[in-house]
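In: the following block contains a protein sequence and its predicted model.
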Amino acid sequence: MAKKEPKNGLNRCPKCGATDISLDTKSGKLRCNYCRALFDGEIANESGDISKLSGRNVGSGAKDIIPDKKTILTFECSSCGASIVINADEATSAKCHWCRHVLSINEQIDNGAVPDMVLPFKLDKATAEGKIKDFVGRRQFYAHPVFKKEFTTENIMGVYLPYMVIDVNAHASFAGEAEHQTRSYYVTRRVGDHTVQDHYYDADAYNVTRDFDLTIDDLTIEASSDKLNQNNLVNTTNVINAVMPFDTENCVKWDANYLRGYASEKRDTNIDVLVEPVKAQALDVARFKVKETMGFYDRGAKWESEKMDIKGTDWKATYLPLWLYSYLQKDGEKKLLHYVAVNARTGETMGSVPIYKAKLIAISAIIEFFSVIFGGCWMFWWFSGDDIGYAGLAGVAPGIVYYLIIKNKYRNATARHRHESETKCESKNIKKTDKFKEKRTRLRSATIAGKNSDNVNGVIAKGGWQEKLTEKLKDQANFSNNIAIKKD
């Protein structure tokens, strides 16, 4: 039997008509808690022909958030006729206080209070606990003693976080120069009493252009101001970003019953805040897509012109599922909230564990001490004259390198979603020009000078994006507050 469309916020079991419905994690389907029947939600993320997109198409759940009385909704219980009030800012379902029927907000509201789609949980809590225990367990040696004492899986919770899922129809063009290596060789020279070999490269340089149509399917970006703040000096939200991508093609039409038993966070950012980072990420996708046509140029490319003409976009507000463990580390007046996140669809896990810095610094110092004694001696013998400084550097480098490697393993401050390579995309109508420019000899670097073909500029936590987003979010908050004051 086909699933009946919800009426006035009421969603019934297609088999028995009951309204007590929740998510069955094992199957990813909705389950009637009365007759135990399982049924599917309606797939909502069928992209269609993205190449036909024109202008900006916005789902009703992705429209600007309007802080007005429309978030207070009144439903008439179709079972007993009672009037039930739901505040969409605080909840998405309620029970009739007379007959106990469950009513959910399954209607789209044009003020951004309810998302367009939801991706159901797939991994159960026991599986997530195992992954988080394993992640933390492999970081016990340098973990802070207080953290090890207080760590418990009881703090793990399932949560739906708000994201924007965007389809993009664009035209991209790149122009610059690229190099193909023709020779790699060494030249021997004398330095004092020693022989030194210098590594050189010869290459052919070309003027190149690439021009093509590009469709991007389900570019995904956070829609919560808290999770958009990925300043790794003060927080660890970057690890949540790192568990993407999600299988967003399996998103279903919004149904609040999927949220029963899980926490959720309401979207608080509008599209205007996200436009610029989305454009930058789309250009990153194009830059990495064009590399498929550049295999001949093994020394890379220096793009002097990069252009992205976005013809059309489609925006959908979406809830995506995660299992989260959080721990607040207190260091005097400083506080840092650590997360370990599990993608509740794929099981991808990333996190941050508090480090016992005194122990790490002590062991790094011991490594440095022995590297200076044993490593520095033969380095001083090898180097002489103006190069003697390299010996001292080689002597202390191992301890510093060890410290940085361990810190990154525990903190994962640079972990992120590789949107440039993990986002689905397709290029068509590719036009290429490759014109020989000149031969270059005795090049010192293994790559072309000024290489930028591997650049990634759409990472929110770098390149000034965090400052730009902060200003945008402040402007949005001020605008929303002004509206609220006027309505009051």
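Out: The structure has been received and is ready for your questions.
In: so who does Ser224 touch?
Out: By C-beta atoms under 8 Å, 6 or more residues apart in numbering, the contact set of Ser224 is Leu161, Pro162, Glu265, Arg267, Asp268, Thr269. In short, each C-beta sits where N, CA and C put it, glycine included.
In: between these, which has the most around it?
Out: Neighbour counts for the contacts of Ser224 (other C-beta atoms under 10 Å) peak at Thr269, which has 25 neighbours.
In: how's this protein carved up into domains?
Out: For the chain, automatic domain parsing gives the domain ranges 1-40+66-111, 117-352+418-487, 355-411.
In: returning to what we had before: can I get the contacts of Ser224 in a markdown table with pLDDT?
Out: Output for the contacts of Ser224, formatted as a markdown table (pLDDT from 0 to 100):
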| residue | pLDDT |
| --- | --- |
| Leu161 | 92 |
| Pro162 | 92 |
| Glu265 | 84 |
| Arg267 | 86 |
| Asp268 | 86 |
| Thr269 | 90 |
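In: nearest to Asp255 among these?
Out: Nearest to Asp255, judged by C-beta to C-beta, of the contacts of Ser224 is Pro162 at 15.9 Å.
In: okay, Val85: pLDDT?
Out: Looking at Val85, its pLDDT is 52.
In: how about Val243?
Out: 97.
In: where are the low-confidence patches of the stretch 251-400 of the chain?
Out: 372-396 (pLDDT under 70).
In: quick revisit: so which of the domains of the chain gets nearest Asn57?
Out: Minimum separation from Asn57 across those (C-beta to C-beta) falls at domain 117-352+418-487, 4.4 Å.
In: Ala205 and Ala178 touch, don't they?
Out: Yes: if you go by C-beta atoms under 8 Å, Ala205 and Ala178 touch, sitting 7.5 Å apart.
In: in the chain, which strand has the most residues?
Out: Identified as the longest strand of the chain according to DSSP state E is strand 157-191.
In: what's the spacing between whatever helix or strand comes next after that strand and its chain's center?
Out: Remark: after strand 157-191, the chain's next helix or strand is strand 194-222, criterion DSSP states H and E. Mean-position distance between strand 194-222 and its chain equals 24 Å (C-alpha atoms, centre = their mean, to the nearest Å).
In: how about residues contacting stretch 132-146?
Out: With C-beta under 8 Å, 6+ apart, stretch 132-146 has contacts from 148, 151, 153, 156, 323, 325, 329, 340, 342, 349-351, 353-356, 359-360, 406, 409-410.
In: His171 is in contact with Phe212, correct?
Out: Yes: the criterion here is C-beta under 8 Å, and Phe212 meets it with His171 at 7.4 Å.
In: mind checking which of the two has more residues around it?
Out: For Phe212 versus His171, the count of surrounding residues by other C-beta under 10 Å is larger for Phe212: 20 against 15.
In: what's near enough to touch the more buried one?
Out: Contacts for Phe212 (C-beta under 8 Å, 6+ apart) come out as His171, Ala172, Ser173, Val290, Ser427, Lys428, Asn429, Ile430, Lys431.
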